[in-house]
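In: give the three-dimensional model of this entry:
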Amino acid sequence: MKLVDLENGMVTPLYPAVSTARGRLGWGDPACTQEIGKALLPHGIHLSRRQDGAWQLLVVNHGSRESVEFLELLPRGKRWFARWRGCVVAPASSHLNDVAALPGGGFLVSTMHMGNSAATREAASRAAKGENTGFLWRWSPGSMIARQPGSDTPMPNGVQVDHAGRYAYINTASQGGDVRKLDLASGQVVATVAVPNPDNASWTMTGRLLVGGVAAGPKPMACFADPAAPCPVPSEVYEIDVKAMTAQRIFAHTGAPLNAATVAVQADDDLLIGSCFGNSFVAVKGVFRADE
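Out: Take a look at the predicted model:
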């Protein structure tokens, strides 16, 4: 994992870093005692503040184990580094994707489907028809990892949780794509909004959800035909009002320099868009200036 300084463009190693001391346990499952180190193969991430004020970075990992890794972000002068603090290993045959912290030190993590890798294509086909293929795992300190009631969905991808920990928002591949609002206490989906091929989500400074993905119509798999080239399918970013559960498209683009959009993040007035392809992200200036 690397850290990008948005002021000067400097890219530095975040984890593992040569100068980082071995992490100490304290977060995660006490049974997970082996630091992941160089075996880390990251996927979804989530940054939050723990109750004691510590900065926690949760990382979905596919390297040597299917797990959620706990890292602590710590300052060193004007820079930051990450120290390993523990992990939770997912049940066998899970295909984890994205993670979001819960109040109290726990998390939700999406598993798009269960089974071996060969089952992925079949799961995608079923999800496109609206069939449930996966769900959210839920873990809390002192508890075993377990299925979150009501979270069974078609290929659940990105997941976010509101500040109070009352609702989870799940991006699914159901019949073109939607985002579902799940009441975590009751296990009921209380609202749904259509969003084309939603991948990952993040919170804006005004409490709305940003969802990145590719446009409806052309098959998203076209983006995988030549990962080194710009995706031929238009990339889009939607902003969701989570109270009304309405979605508005705020950005669309086809071709260079943007590849298939998989995540969008607000950085002051600017919109940052990342992709599962390539080694760069795109900054779109001034998108949020009108929100001031």
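
In: going forward, measure contacts and count neighbours with C-alpha atoms only.
Out: Will do.

In: tell me the SS of T192?
Out: Per DSSP: H, G, I helix; E, B strand; the rest coil, the local secondary structure of T192 is strand.

In: what residues are bridge-paired with the nearest residue to it once chain neighbours are set aside?
Out: Spatial nearest neighbour of T192, excluding adjacent residues (Cα to Cα, 6 or more residues apart in numbering): R180 at 4.5 Å. With DSSP bridges as the criterion, R180 is bridged to I170, T192.

In: my guess is R180 contacts I170. True?
Out: Yes - using Cα atoms under 8 Å, R180 is in contact with I170, at 5.1 Å.

In: could you list the low-pLDDT ranges of this protein?
Out: Across the chain, the ranges flagged by pLDDT under 70 are 19-23, 218-220, 291-292.

In: domains of it: list them as residue ranges, please.
Out: According to automatic domain parsing, the chain comprises the domains 1-89, 108-194, 197-292.

In: would you list those domains in a markdown table and tack on distance to A101 and mean neighbour count?
Out: Converted to a markdown table, these look like this (distance: least, Cα to Cα, whole Å; neighbours: other Cα atoms under 10 Å):
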| stretch | distance to A101 | mean neighbour count |
| --- | --- | --- |
| domain 1-89 | 7 | 16 |
| domain 108-194 | 6 | 20 |
| domain 197-292 | 12 | 18 |
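
In: same list (these) but as TSV, adding distance to A100.
Out: Formatted as TSV, the domains of the chain follow (distance: least, Cα to Cα, whole Å):
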stretch	distance to A100
domain 1-89	6
domain 108-194	5
domain 197-292	10
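
In: closest one to L96 among the ones you listed?
Out: domain 108-194 (4.2 Å; Cα to Cα).

In: now the end-to-end length of that closest one.
Out: The first residue of domain 108-194 is 22 Å away from its last residue (Cα to Cα, to the nearest Å).

In: again, but for stretch 153-172
Out: 7 Å.

In: now do the contacts for the nearest residue to D268 once chain neighbours are set aside.
Out: Spatial nearest neighbour of D268, excluding adjacent residues (Cα to Cα, 6+ apart): F288 at 7.5 Å. By Cα atoms under 8 Å, 6 or more residues apart in numbering, the contact set of F288 is Q266, D268, D269, D270, L271.

In: now, the most widely separated pair of those?
Out: For the contacts of F288, the farthest-apart pair by Cα to Cα is D268 and L271; their separation is 8.2 Å.
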